[in-house]
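# One predicted model, sequence on top.
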Amino acid sequence: QVQLVESGGGLVQAGGSLRLSCAASGRTFSRLVMAWFRQAPGKEREFVGYITTSGRDTRYADSMKGRFTISRDNAKNTVYLRMNSLKPEDTAVYYCAARYFTVSVNQADFDSWGQGTQVTVSS
């Protein structure tokens, strides 16, 4: 398993932006598909988006398309989640997750998880 550490969460007003980071341990980052999930209070954890190993391809949940952008820097072992036009319903704990090589939108397919970072969007 890979160790993942998220950072960058916080409190932001509706319409604002945040950038989350997720740093991974080890030497295999470039082989990892990286994904973000989130869990709002009282709700199931849901898929936000993923980025392929090379960073060339991304996929997002419909409600995040056009507002969220995932990128990665393989030299820094870090994946980012840029969130724009934030809404109160984006309030959640955001988790990054990793699995080797093949993409998935299912959290059960991901082997490694970070501890999560809280994002709170005020109205």
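On my side now, so go ahead. Residues are numbered from 1 along each chain as shown.
# can you give me the strands in the protein?
Under the criterion DSSP state E, the chain contains strands at 4-7, 10-13, 18-24, 32-39, 46-51, 58-60, 68-73, 78-83, 92-100, 112-113, 117-122.
# looking at those, which is buried most?
Stretch with highest mean neighbour count among the strands of the chain: strand 32-39 (a mean of 24; mean count of other CB atoms under 10 Å). Backbone N, C-alpha and C define where each C-beta goes, glycine included.
# mind checking how far it is from the chain centre?
Put simply, strand 32-39 sits 4 Å off its chain's centre (CA atoms, centre = their mean, to the nearest Å).
# That strand to strand 92-100, inter-axis angle?
Orientation of strand 32-39 against strand 92-100 (axes from the mean of the first three to the mean of the last three CA atoms, to 10 degrees) gives an angle of 160 degrees.
# Mind exporting the C-alpha coordinates of strand 32-39 to CSV?
Provided in CSV are the C-alpha atoms of strand 32-39 (Å, rounded to 0.1, in the frame of the first residue of the first chain):
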residue,chain,number,x,y,z
LEU,A,32,-0.9,4.9,-9.7
VAL,A,33,-4.3,6.0,-10.9
MET,A,34,-5.2,8.7,-8.4
ALA,A,35,-8.8,9.5,-7.5
TRP,A,36,-10.7,11.8,-5.2
PHE,A,37,-13.8,10.9,-3.3
ARG,A,38,-15.8,12.8,-0.8
GLN,A,39,-18.2,12.1,2.1
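# quick one: strands adjacent to that strand?
If you go by DSSP bridges, strand 32-39 pairs up with strand 46-51 (antiparallel), strand 92-100 (antiparallel).
# Check the model's average confidence along the shortest one for me.
Pointing back at strand 46-51 there. Strand 46-51 carries an average pLDDT of 98.
# one step back: dump the strands of the chain into TSV; add distance to residue 106 as well.
Shown next, in TSV, are those (distance: least, CB to CB, whole Å):
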stretch	distance to residue 106
strand 4-7	18
strand 10-13	29
strand 18-24	19
strand 32-39	10
strand 46-51	8
strand 58-60	12
strand 68-73	17
strand 78-83	18
strand 92-100	10
strand 112-113	13
strand 117-122	22
